[in-house]
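S.K.: Sharing a model that was predicted from the sequence below.
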Amino acid sequence: MPDMNQSEQEPREKRQFIREKIARPPMTRKQLAGRMAALSFIAVLGGAAAGAGFAVARPLAEKYLVEHPTQESIPVTIPKDDPDSQIIESSPEESDQAVSDSAPEAETETTEEPETESETTTEETESETETLEEVIYSVIEGYEYSLDDLAELYGTFRDVVQKADKGIVEVHSVKKEVDWFDNPVETAGLYAGVAIAVTDQELLILTPEAAVEHADSIKVTFANGTEADGTIKKTDAISNMAIVSVSTSQMNEKALTEVEVLKLGNSYSIRQGDLVAALGAPAGVVHSSAYGTISYVARNVQVADGVTRLLYADIKSNAEAGTFLVNLAGEVVGWVTDGYGEGNPGGFTVAMAVSDYKSILEKMSNGQPIPYMGIRGQEVSTAMTSEGIPLGIYVTESIQDGPAYNAGIQNGDIIVNIGGKDIATIRDYQNETESLNPDSVVTVVVQRKAIEEYKELEYQVTIGAR
């Protein structure tokens, strides 16, 4: 008998097994059509998914992988006003005399006849001018004003105010806080702002600094109801104003054209008795308005690093919510402040004149820091120089913790030179300070009163930012 153990030890390759092949039956036409339909559906679905993925990925790829030419932002420029270029009214006699004085002397020297004709013409012109003035005065004195005339006058101004109100916006600031139980709480504030400039990329809003102080988010609502997100461009703690930027990409063309960008007017031309309107939130509600007149213009009011004008008006206002003064042309000539309430016993509205801040507003509109030295001062007058006081800027206050104060400049010092340039007037001081860069170090030369004479001292001042 064969050995069973030996058969078990034979290689498995030599073992014979019964191999069976299972063959599937051929598909019917119905099954074949169903299979083709399923494959077609899967192909369409895959193509749609690929197209959707490409549509989503393409913008991201173009944004992060493709190099685009950078579009440079055009800086905002605000034309400055000359304090000396005020409107000066001259009488007709003075105008005629000026014309007569400007006549070429060569013509009068050639012969005596042109001189005689010139004198005759001047006398006739003066006579005609006097007659015209008499007619005008007689008409004005004899004219009886009616309520219709008053209504027409205010109706015209009302149209200007309604147009300017399209440039007033509502600045909605949101602050995220927590209560005593660590529950999230949002506090909101509503402030008025005014559109003062627009570029291809952004719309710039002037608003009180309180509107953006500690704000976690900012919403800007325009007069036509359009709402957009706002970002802080720049703030100035000294003037208590801020610039908020709104991207023009958030607004359609129609909404953007409906915004009235208000021009910054020349506040140097404002005089006592001028009619003005208060826009923004004079009643504490955005888009309210009021009318009044300028009661007094205070000049050369000392402020940090310069002087300013203050406009006193008999008009209702709300400085905290934001109130702006506009003239008869609808131009912004000032914004209301509460910073001078102690010197305002009459309770008048006090506004800061816009012309004194155009350089600062231009820097703020471009997001640039405003240089800060930190002194209040006044020019040394001619009478003071006759007493032996050096010509320069007399420091009435070296503001505590300011750059000048930290460098060692004291009250009573006279600034005579900044960075190698002589300083004689407050305008010299302002121009030189505005040209400096924050964090730069500049040499400031002062004259300090000693026992019997003034001594020259030099200080290295690190310029700060407002």
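M.R.: Structure received.

S.K.: surely Ala424 meets Gly392?
M.R.: Yes: judged on CB atoms under 8 Å, Ala424 makes contact with Gly392 at a distance of 6.6 Å. Where you see a C-beta, it was placed from the backbone N, CA and C, and this is true even at glycine.

S.K.: which one of the two has more residues nearby?
M.R.: With neighbours defined as other CB atoms under 10 Å, Ala424 and Gly392 compare such that Gly392 has more, 25 against 13.

S.K.: Can you give me the distance of the more buried one to Leu206?
M.R.: According to CB to CB, to the nearest Å, Gly392 stands 34 Å off from Leu206.

S.K.: Kindly report the same for Ala353.
M.R.: Distance, Ala353 to Leu206, using CB to CB: 14 Å.

S.K.: swap in Lys254?
M.R.: Lys254 is 24 Å from Leu206, where distance means CB to CB.

S.K.: Gln447 too?
M.R.: 39 Å.

S.K.: cool, Asp305 as well?
M.R.: If you measure Asp305 against Leu206 using CB to CB, the figure is 20 Å.

S.K.: what does Val354 give?
M.R.: To Leu206, Val354 is 9 Å away according to CB to CB.

S.K.: Mutual contacts of these two, please.
M.R.: Val332, Trp335, Leu361 (CB atoms under 8 Å, 6 or more residues apart in numbering).

S.K.: and the residues you listed, which of them are in helices?
M.R.: Using DSSP state H, Leu361 are the members of these that sit in helices.

S.K.: where in this protein is pLDDT low?
M.R.: Residue ranges of the chain with pLDDT under 70: 1-73, 85-130, 132-133, 135-143, 145, 149-150, 341-345.

S.K.: hey, where'd the helices end up in it?
M.R.: 4-8, 29-64, 92-101, 105-110, 112-142, 147-164, 253-257, 358-365, 382-385, 403-407, 426-434.

S.K.: if we can go back for a sec, between Gln447 and Leu206, which one's more packed in?
M.R.: Leu206 (26 against 22).

S.K.: OK, contacts around the closest residue to Tyr296 other than its chain neighbours?
M.R.: Closest residue to Tyr296 apart from its sequence neighbours, by CB to CB, 6 or more residues apart in numbering: Tyr312 at 4.1 Å. Counting by CB under 8 Å, 6+ apart, Tyr312 touches Ile294, Ser295, Tyr296, Val297, Ala298, Asn344, Gly346, Phe348, Thr349, Val350.

S.K.: Columns distance to Gly374 and neighbour count on top of these, output as a markdown table?
M.R.: Output for these, formatted as a markdown table (distance: CB to CB, whole Å; neighbours: other CB atoms under 10 Å):
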| residue | distance to Gly374 | neighbour count |
| --- | --- | --- |
| Ile294 | 31 | 23 |
| Ser295 | 32 | 15 |
| Tyr296 | 29 | 14 |
| Val297 | 27 | 17 |
| Ala298 | 23 | 15 |
| Asn344 | 25 | 15 |
| Gly346 | 31 | 8 |
| Phe348 | 29 | 18 |
| Thr349 | 28 | 26 |
| Val350 | 23 | 23 |
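
S.K.: For stretch 349-362, output the C-alpha coordinates as CSV.
M.R.: Extracted in CSV, the C-alpha atoms of stretch 349-362 (Å, rounded to 0.1, in the frame of the first residue of the first chain):
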residue,chain,number,x,y,z
THR,A,349,-21.9,127.7,18.9
VAL,A,350,-18.2,127.6,18.4
ALA,A,351,-16.7,126.1,15.2
MET,A,352,-13.1,125.5,14.1
ALA,A,353,-12.3,127.3,10.8
VAL,A,354,-11.6,124.7,8.1
SER,A,355,-8.9,126.8,6.3
ASP,A,356,-6.5,126.5,9.2
TYR,A,357,-6.7,122.6,9.0
LYS,A,358,-6.5,122.0,5.3
SER,A,359,-2.9,120.8,5.5
ILE,A,360,-3.9,118.4,8.3
LEU,A,361,-7.0,117.2,6.5
GLU,A,362,-4.9,116.5,3.4
